[in-house]
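Student: What follows is a protein structure lacking sequence information:
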């Protein structure tokens with residue numbers, strides 16, 4: 001579209017090369033201007049907030065599926081390729097630390113960790129396995145009947161009695177361990193696939209990854225092994241075989257906050273043909289309309305995510321400090337290596353390349369979401385400490401523009 005169509009002129013010449021007559025002529029057709037949905041201020045804010053840490057930030061407008069920011073770090077200067085790049089300079093980029101040519105936003109595969117809990121929670125509500133009032137007691141450990149291995153909560157002494165919203169607010173593993181066991185991996189896989197997990201989003205640029213949404217059939221085909229109950233337990237908190245891309249996570253969140261419309265996200269916002277005064281808007285296609293059994297179920301999850309940021313025991317209260325808007329979100333931590341049953345994770349004692357990845361998903365404003373964001377900071381540790389501040393800086397850059405332009409949040 002940018003290139004247009006090349007022109008052609010066929011001429012008759014004499015032996016000296018002088019043109020005698022034009023035999024055929026086709027005028028060139030100018031290319032079409034492309035307008036992207038990327039907001040340069042938001043893109044810059046996300047880039048700078050990541051600092052020198054590898055990771056990705058994806059921000060989507062949940063009302064229409066357009067991409068506001070798409071950041072992968074480390075990166076490279078694309079201008080070096082415009083007129084051709086030398087083999088030496090190309091090798092330098094290929095061999096640079098952190099793989100700058102690898103687009104983490106599109107292809108990076110990460111355990112979602114606790115950022116998957118809102119979707120698992122919604123599955124439990126919509127499948128009538130729990131109600132918003134269902135309570136589970138957390139004493140710090142969870143056991144499968146007949147097994148002696150404990151599955152731990154992040155808080156050693158537990159959280160006591162919690163319902164769905166409290167479980168999201170405090171990221172209580174025990175609640176989601178039990179819910180996962182009640183749901184089973186088959187129903188979990190079926191419901192989460194509605195939000196696009198385990199599949200490409202259909203973004204309008206090539207190269208995105210599929211991630212992995214595990215199932216009983218997948219494991220048999222991939223590993224020739226049966227599915228074990230313990231794998232269901234940890235799948236409920238986004239661990240185990242679960243793999244998501246930052247783009248998948250942001251797009252799924254956008255569908256969660258807009259009432260179930262899953263878009264195929266778009267970077268292309270509009271096209272302006274040569275000579276036209278106005279650009280023609282390009283709309284993101286709707287990939288799927290997720291069925292809503294009970295709107296109150298969805299609101300329960302959104303209110304729980306609100307408490308993550310604004311509740312007294314929320315795991316991401318740092319996002320709310322001095323904010324001009326009300327945001328909601330969910331922290332997540334993805335293990336890079338497996339711990340033994342008797343091993344405690346100590347961030348200070350672990351080599352940097354083995355530290356957990358930090359994740360955070362967020363949307364704002366709470367009562368009228370206009371941005372949904374997913375952040376991954378590789379080896380950043382806790383999501384609340386490393387990823388949430390990146391999300392806050394990105395949200396500030398987007399929403400404060402609305403305030404400055406006279407909008408109301």
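Tutor: Alright, I've got the coordinates. Source: prediction; values computed, not measured.

Student: Now do the helices in the protein.
Tutor: Along the chain, counting by DSSP state H, helices occupy 40-50, 87-94, 104-107, 117-126, 164-170, 173-193, 216-223, 229-235, 246-257, 295-310, 383-404.

Student: Next, count neighbours for residue 364.
Tutor: Look at residue 364: counted by other C-beta atoms under 10 Å, it has 27 neighbours. All C-beta spots, glycine's among them, are computed from the backbone N, C-alpha and C.

Student: Please name the residues that touch residue 171.
Tutor: 114, 117, 154, 308, 315, 330-331 (C-beta atoms under 8 Å, 6 or more residues apart in numbering).

Student: For residue 43, see how far away the nearest residue to residue 41 once chain neighbours are set aside is.
Tutor: The shortest distance from residue 41 to any non-neighbouring residue, by C-beta to C-beta, 6 or more residues apart in numbering, is to residue 397 (5.2 Å). Distance of residue 397 to residue 43, computed by C-beta to C-beta, to the nearest Å: 9 Å.

Student: Compare the two (neighbour count), which wins?
Tutor: residue 397 (23 against 20).

Student: Might you report the residue contacts of the more buried one?
Tutor: 39, 41-42, 44-46.

Student: Tell me the pLDDT of it.
Tutor: We have a pLDDT of 93 for residue 397.

Student: Equivalent analysis for residue 380, please.
Tutor: Looking at residue 380, its pLDDT stands at 72.

Student: For it, the count of nearby residues, please.
Tutor: Neighbours of residue 380 (other C-beta under 10 Å): 25.

Student: Quick check: it touching residue 387?
Tutor: Yes. Look at residue 380 against residue 387 with C-beta atoms under 8 Å: they come within range, at 6.2 Å.

Student: any residues in contact with both of these two?
Tutor: 55, 358.

Student: ok, back up a step: let's see the PyMOL selection covering just the buried ones among the contacts of residue 397.
Tutor: Restricted to buried positions by 16 or more other C-beta atoms under 10 Å, the PyMOL selection for these reads:
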select buried, resi 39+42+45+46
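
Student: how about JSON lines for the contacts of residue 397, with pLDDT and distance to residue 99 added?
Tutor: Below are the contacts of residue 397 laid out as JSON lines (pLDDT from 0 to 100; distance: C-beta to C-beta, whole Å):
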{"residue": "39", "pLDDT": "94", "distance to residue 99": "26"}
{"residue": "41", "pLDDT": "94", "distance to residue 99": "27"}
{"residue": "42", "pLDDT": "95", "distance to residue 99": "24"}
{"residue": "44", "pLDDT": "95", "distance to residue 99": "22"}
{"residue": "45", "pLDDT": "96", "distance to residue 99": "24"}
{"residue": "46", "pLDDT": "96", "distance to residue 99": "19"}
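
Student: Tabulate the contacts of residue 397 in a markdown table, adding columns for distance to residue 9.
Tutor: Output for the contacts of residue 397, formatted as a markdown table (distance: C-beta to C-beta, whole Å):
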| residue | distance to residue 9 |
| --- | --- |
| 39 | 43 |
| 41 | 45 |
| 42 | 46 |
| 44 | 45 |
| 45 | 49 |
| 46 | 48 |
